[in-house]
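**Q** Below: sequence and its predicted model.
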Amino acid sequence: MIHGGIPALSGKRVLLLQGPLGPFFKRLAADLAEAGAEVHKVNFNGGDWLFSPGARSTPFRGKPEAWPAFFESLLDRLKIDIVLLFGDCRRYHRQASAIAAMRGLDIGVFEEGYLRPDWITLELSGVNGHSTIPRNPDFYWSLPQRPACEPEQRVENAFRMAALWATLYYVAASVLRPFFPHYRHHRPLTLLEALPWIRAGWRKLYFAIKERGVLNRLVEDQSKQYFLVPLQVHNDSQVCVHSPYAEVSEFIDEVVASFAAHAPAKLTLVIKHHPRDRGYHDYSARIRKLQQRFGLGKRLVYVHDLHLPTLLDHAFGAVVINSTVGLSALHRGVPTKTTGNAFYDMDGLTYQGSLDAFWSKAWAASPNRALFGRFRDYLQRCLLINGSYYQRLAGSRLRSGLMWSGDSEWLPCEPRSSMQDALEMPSGAPHYADPNPVQKHWIEPAHNH
């Protein structure tokens with residue numbers, strides 16, 4: 001978050017790389033230009049070009065290995081002060097971030113909101129596993145007392161708009177591929193991607209029928225007697241980059257084997273599929289084999305479209321790789337174990353022992369509610385912006401549709417960036433009493449996950 005909001009970038013030369021699917025970066029560029037910044041954009045494929053055409057957009061049509069030299073020459077020619085991008089694990093973005101960091105330039109990284117659905121994330125240097133968010137509980141205990149921070153405006157479900165932007169992006173990327181022949185996307189970028197979405201549609205209907213009554217049985221008969229394991233998307237950078245697993249199935253195998261060997265016999269393991277992975281993977285056959293191999297029977301349950309907040313409310317504990325669903329679990333006071341690199345994995349919030357020990361010790365591993373309140377407050381005030389990438393908030397005066405508060409503050413993490421003239425630390429850091437009770441609508445996962 002930048003102190004003073006977008007006006008703080010007045011007089012800066014800003015370079016935009018790839019943004020979220022849709023016109024968000026084009027609208028953001030208009031906001032920055034109106035504030036007095038000089039804005040440039042790099043287009044890597046036809047989808048980028050569709051949403052950001054114009055004289056200040058530069059196409060990169062070279063081979064991937066030519067990108068670092070191209071990027072450096074662009075920084076020199078345009079005298080760039082800060083680079084903004086969405087997601088820091090894409091090949092082009094990883095290389096750009098490394099080069100910008102060596103030059104002492106600031107890198108602003110957008111990402112889906114850590115707290116959803118009312119927020120988006122903007123961090124300097126990196127997000128998720130690359131984040132410089134302090135992981136020392138003492139940092140949060142020392143923060144000054146603040147009134148509860150709520151979003152200025154609620155974000156409505158933007159699935160339809162996101163689907164529209166994605167469709168247009170993929171069509172443009174496919175049609176204009178001859179103009180960007182060497183581009184390599186971080187995910188499949190062809191019209192064939194429509195097939196998994198079609199498959200997801202009928203699977204959603206199928207599992208809605210198959211799983212009818214399962215949620216009620218879990219809530220009524222096994223409340224606080226099951227561990228919840230929410231899965232992540234198979235090609236999520238959180239898995240591919242920030243975890244020890246090559247694929248989600250390895251995580252499933254490890255968790256089930258550990259549960260079978262160490263969990264009390266009265267407890268159940270509930271594995272929930274990620275809704276956005278519905279059209280790509282179905283682990284039913286694998287989980288049936290694990291049931292048979294470990295003799296778990298009905299103690300191992302696999303579900304797809306059950307209401308995640310309700311499942312969390314009745315869970316005895318949760319195991320995640322590093323998903324932001326872990327924040328939802330902590331928000332509800334659910335003991336949580338992470339197995340990957342999670343920025344919220346710290347003493348007082350998540351269980352710090354082994355996975356094998358977690359099954360029998362989760363009862364004593366509830367997150368410290370006061371510490372989580374301080375942690376959440378830090379995220380909201382310092383790293384998050386009220387808004388959506390896929391639709392504009394009606395109450396915003398910005399073309400990007402963000403509710404970017406002009407008095408927002410940045411509580412700096414080490415190392416401090418060179419942009420500290422636009423950022424500042426709040427004065428004073430007294431110890432303060434427990435925060436007000438957390439409102440449940442603050443951290444609700446989008447699309448039931």
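**A** Okay, I see it.

**Q** From here on, just use CA atoms for contacts and neighbour counts.
**A** OK.

**Q** Spatially nearest residue to W165 (excluding sequence neighbours)?
**A** G22 (4.7 Å; CA to CA, 6 or more residues apart in numbering).

**Q** Can you show me the strands along the protein?
**A** Remark: strands of the chain, listed N- to C-terminal, are 13-16, 38-43, 57-59, 82-86, 106-112, 119-124, 226-230, 268-272, 300-303, 317-320, 336-338, 384-386; assignment by DSSP state E.

**Q** So which of those is nearest R154?
**A** Nearest to R154 among the strands of the chain is strand 384-386 (8.2 Å), distances taken as CA to CA.

**Q** so what does that closest one touch, helix or strand wise?
**A** With contacts defined as 3 or more CA pairs under 8 Å, 6 or more residues apart in numbering; DSSP states H and E, the packing partners of strand 384-386 are strand 119-124.

**Q** So the residue sitting furthest away from the middle of the chain versus L269, what's the distance?
**A** Among residues of the chain, the one most distant from the C-alpha centroid is G295; the distance is 35.5 Å, by CA atoms, centre = their mean. Separation of G295 from L269 (CA to CA, to the nearest Å) stands at 13 Å.

**Q** same deal with F51?
**A** Taking CA to CA as the criterion, F51 is separated from L269 by 44 Å.

**Q** So between the two, which is more surrounded?
**A** L269 (26 against 21; other CA atoms under 10 Å).

**Q** For that one, give the beta-bridge partners.
**A** Counting by DSSP bridges, L269 forms beta bridges with F227, L300.

**Q** ok, now which ones touch the most centrally placed residue in the chain?
**A** Taking CA atoms, centre = their mean, the centroid of the chain lies closest to E112, which sits 4.3 Å from it. Each residue near E112 by CA atoms under 8 Å, 6 or more residues apart in numbering is listed here: 119-121.

**Q** Save the residues you listed as CSV, and put in pLDDT too.
**A** Below are these laid out as CSV (pLDDT from 0 to 100):
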residue, pLDDT
W119, 95
I120, 96
T121, 96
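
**Q** Present the residues you listed as JSON lines; the columns should include neighbour count and distance to L312.
**A** As requested, the contacts of E112 are arranged in JSON lines below (neighbours: other CA atoms under 10 Å; distance: CA to CA, whole Å):
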{"residue": "W119", "neighbour count": "27", "distance to L312": "21"}
{"residue": "I120", "neighbour count": "21", "distance to L312": "23"}
{"residue": "T121", "neighbour count": "26", "distance to L312": "24"}
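
**Q** Residues contacting the worst-scoring helix or strand of the chain on mean pLDDT, please?
**A** The element with the least model confidence among the helices and strands of the chain, by mean pLDDT, DSSP states H and E, is helix 194-210, at a mean of 87. Counting contacts by CA under 8 Å, 6+ apart, the residues outside helix 194-210 that touch it are 278-280, 304-305.

**Q** which one of those has the most neighbours?
**A** Of all those, the highest neighbour tally under other CA under 10 Å goes to H304, namely 23 neighbours.

**Q** wait, it sits on R276?
**A** No - in this structure H304 lies outside contact range of R276 using CA atoms under 8 Å: 10.5 Å.
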